[in-house]
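Output the structure for:
(one chain, ligands or ions: 1)
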Amino acid sequence: MSKAAAELLTGSPLTAYSEDERMFRASVREFAEGEIRPRVEHMDEEAKMDQAIIRQLFDLGLMGIETPEEYGGAGASFFTAIIGVEELSRVDPSVGVLMDVQNTLVNNAIIRWGNAEQKKKYLPRLASDALGAYALSEAGSGSDAFAMQTRAVEQGDHYVLSGQKLWITNGNEAEIFIVFANAKPEEGYRGITAFIVEKGFEGFSVGKKENKLGIRASSTTEIILDGCRVPKENLLGEFGKGYKVSIETLNEGRIGIGAQMIGLARGALEHAIRYTAEREQFGKPIGQFQGVQFQLAEMATELEAARLMVYNAARLKDAGLPFVKEAAMAKLYSSRVAEKVASKAIELYGGYGFVKDYPVEKLWRDSKIGAIYEGTSNMQLQTIAKLITSGKQPLAQ
Ligand SMILES: Cc1cc2nc3c(=O)[nH]c(=O)nc-3n(C[C@H](O)[C@H](O)[C@H](O)COP(=O)(O)OP(=O)(O)OC[C@H]3O[C@@H](n4cnc5c(N)ncnc54)[C@H](O)[C@@H]3O)c2cc1C
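So this is what the prediction gives:
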């Protein structure tokens with residue numbers, strides 16, 4: 001980081017927004033309230049994302065936030081993407097993760113690792129109308145992602161990919177996939193290579209769609225690679241360096257999941273504050289009982305702590321400072337807070353919290369995924385422990 005950048009950062013409150021950030025946040029919130037809110041319940045019930053919402057996310061410029069302007073993106077910061085995910089997730093975490101995967105994983109991987117032709121070919125599409133997905137996990141390799149069985153074999157001017165990916169977010173609607181395959185299994189993880197794969201490539205198909213507990217409107221599917229022919233120019237980054245592409249994109253991506261979780265928690269807390277101000281028992285609003293007020297205060301305090309962690313990780317990343325420990329902590333903590341706050345919100349609604357006519361049971365179902373994808377909570381603890389015990393990222397920098 002330059003001296004000027006360091007001076008600019010020193011002393012800035014984490015939650016103070018620049019004018020651009022404030023305006024961006026207000027526009028995402030308006031969109032979320034006006035266009036997403038009326039559709040949330042139906043999309044959850046049907047387990048289907050409304051195509052009109054995907055179209056609007058593109059039209060509003062939310063699908064290429066960090067993409068440089070020369071490729072049709074907004075050329076904004078990572079932190080801006082984080083604000084977007086947070087605001088969308090406050091209303092619907094399914095929409096939040098759709099936009100999060102596009103920005104923090106797919107675009108990010110191409111911006112960071114793509115060559116000039118790949119950027120020119122794919123970034124404008126990803127910013128304007130093509131949804132992306134990130135295909136790493138398989139049935140037998142989740143936390144141990146590098147044990148993947150998908151193989152890539154060189155054949156003339158193509159690689160032929162064979163295998164099956166599981167749990168792929170946006171799988172149903174995506175056109176462009178970042179796919180990881182091992183092209184030299186005898187070298188272990190050093191054979192893992194990343195490819196840009198289009199839905200229309202020969203041998204590519206989308207398999208079963210999962211019927212999930214939460215984030216039901218976000219599609220999660222199998223991806224089948226049955227001798228899928230990928231032109232050599234679609235190899236992303238270096239041959240055998242796919243492991244690095246995946247580690248580094250996921251390090252950043254998990255700040256996005258943190259943002260999804262703090263957005264979700266805020267949504268649940270706002271519902272709880274509103275409901276407890278209206279619901280009367282013993283002749284007055286339940287929100288006037290100190291027992292209820294203290295619960296709201298606890299929820300708000302934990303949410304604030306989680307939010308500071310997510311914002312700090314994002315701002316560290318934008319400043320070019322080490323952020324991996326902070327990103328892991330932010331995801332770990334914010335997913336716990338989201339689950340707790342949404343659960344408490346159900347209790348504050350009483351019986352009404354337990355039924356689908358009210359919004360909080362959905363947010364609680366949605367919160368559960370935060371401890372699972374982009375590295376389970378145990379994997380975050382492993383990363384944090386490794387960094388603090390090896391001295392690679394000291395407790396206080
Ligand atoms: C809705 C959803 C969307 C997803 N989206 C995507 C996507 O877009 N792209 C993608 O590639 N993947 C995606 N995933 C996959 C997700 O990242 C994996 O599910 C996750 O990494 C965990 O892998 P697993 O399910 O195989 O669980 P496992 O790895 O089998 O873990 C099971 C349990 O064992 C624990 N465990 C495993 N190893 C250790 C260890 N060494 N020490 C301590 N505990 C351990 C875990 O913490 C966990 O509690 C998605 C999953 C879901 C459910």
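
Any idea how far stretch 355-367 is from the middle of the chain?
Taking CA atoms, centre = their mean, to the nearest Å, one finds the center of stretch 355-367 at 20 Å from the center of the full chain.

The closest residue to Ala130 other than its chain neighbours: what's it in contact with?
Spatially, and ignoring its direct neighbours in sequence, Ala130 is nearest to Glu175 (4.1 Å; CB to CB, 6 or more residues apart in numbering). Placement of C-beta: from N, CA and C, glycine included. Listed by CB atoms under 8 Å, 6 or more residues apart in numbering, the contact set of Glu175 reads Arg125, Ala130, Leu131, Gly132, Glu198, Lys199.

Can you classify Ala272 as helix, strand or coil?
Under DSSP: H, G, I helix; E, B strand; the rest coil, Ala272 falls in the helix class.

can you check Ala133 too?
Ala133 - assigned by three-state DSSP - is strand.

Compute the distance between it and Ala306, please.
Distance, Ala133 to Ala306, by CB to CB, to the nearest Å: 27 Å.

If you count neighbours, what's buried in stretch 144-157?
Neighbour counts over stretch 144-157 (16 or more other CB atoms under 10 Å) mark Ala145, Phe146, Met148, Thr150, Arg151, Ala152 as buried.

Just give the number of residues close to the closest residue to Pro231 other than its chain neighbours.
Nearest non-adjacent residue to Pro231, counting by CB to CB, 6+ apart: His158, 5.8 Å away. Residues near His158, counting by other CB atoms under 10 Å, number 18.

Tell me what His158 is bridged to.
Note on His158: beta-bridge partners by DSSP bridges are Gln155, Pro231.

Now Phe195: phi and psi?
Dihedral pair for Phe195: phi -130, psi 150, per degrees, to the nearest 10.

measure it to Asn211 for me?
Computed as CB to CB, the Phe195 to Asn211 distance reads 29 Å.

who has more neighbours, those two?
Taking neighbours as other CB under 10 Å, Phe195 and Asn211 compare with Phe195 leading, 26 against 8.

so who does that one touch?
Neighbours of Phe195 in contact, by CB under 8 Å, 6+ apart: Ala152, Tyr159, Leu161, Ile178, Val179, Phe180, Ala181, Val230, Asn234, Leu235, Leu236.

hey, what's it bridged with?
Here Phe195 shows beta-bridge partners Val179, Leu235, assigned using DSSP bridges.

swap in the one 10 residues further on?
Taking DSSP bridges, one finds Ile224 as the beta-bridge partners of Ser205.

How many residues are close by it?
By other CB under 10 Å, the residues close to Ser205 number 12.

Can you tell me which helices and strands the helix or strand where Arg365 lies packs against?
Using DSSP states H and E, Arg365 maps to helix 360-367. Applying 3 or more CB pairs under 8 Å, 6 or more residues apart in numbering; DSSP states H and E, we find helix 360-367 packed against helix 40-46, helix 93-100, helix 242-278, helix 324-349.

hang on, the earlier thing: nearest to the ligand, out of the buried residues of stretch 144-157: which one, please.
Nearest to the ligand out of those is Ala145 (CB to the nearest ligand atom; 6.9 Å).

if I pick the residue nearest to Ala133 when sequence neighbours are not counted, what's in contact with it?
Sequence neighbours aside, Ala174 is the residue nearest to Ala133 in space, at 3.8 Å (criterion: CB to CB, 6+ apart). Ala174 makes contacts with Ala130, Leu131, Gly132, Ala133, Ile168, Lys199, as judged by CB under 8 Å, 6+ apart.

Angles on the backbone of Ala174, please.
The phi/psi pair for Ala174 (degrees, to the nearest 10) is phi -70, psi 150.

Same question for the one 3 residues further on.
Note on Phe177: its backbone torsions stand at phi -120, psi 140 [degrees, to the nearest 10].

wait, it sits on Ile223?
Yes. Assessed by CB atoms under 8 Å, Phe177 is found in contact with Ile223 at 6.7 Å.

any common contacting residues for these two?
Counting by CB under 8 Å, 6+ apart, the common neighbours of Phe177 and Ile223 are Ala133, Ala135, Ile168, Phe204.

So which bits of the stretch 201-350 of the chain are right by the ligand?
Contacts of the stretch 201-350 of the chain with the ligand, taken as CB under 6 Å from any ligand atom, map to Lys212, Thr220.

Can you tell me how far Ala76 is from Gly61?
Distance, Ala76 to Gly61, using CB to CB: 9 Å.

what's the answer for Leu123, then?
Note on Leu123: its distance to Gly61, by CB to CB, is 13 Å.

Phe195 now?
Note on Phe195: its distance to Gly61, by CB to CB, is 27 Å.

ok but Gly171 is inside a strand, no?
No. Under three-state DSSP, Gly171 falls outside any strand and is assigned coil.
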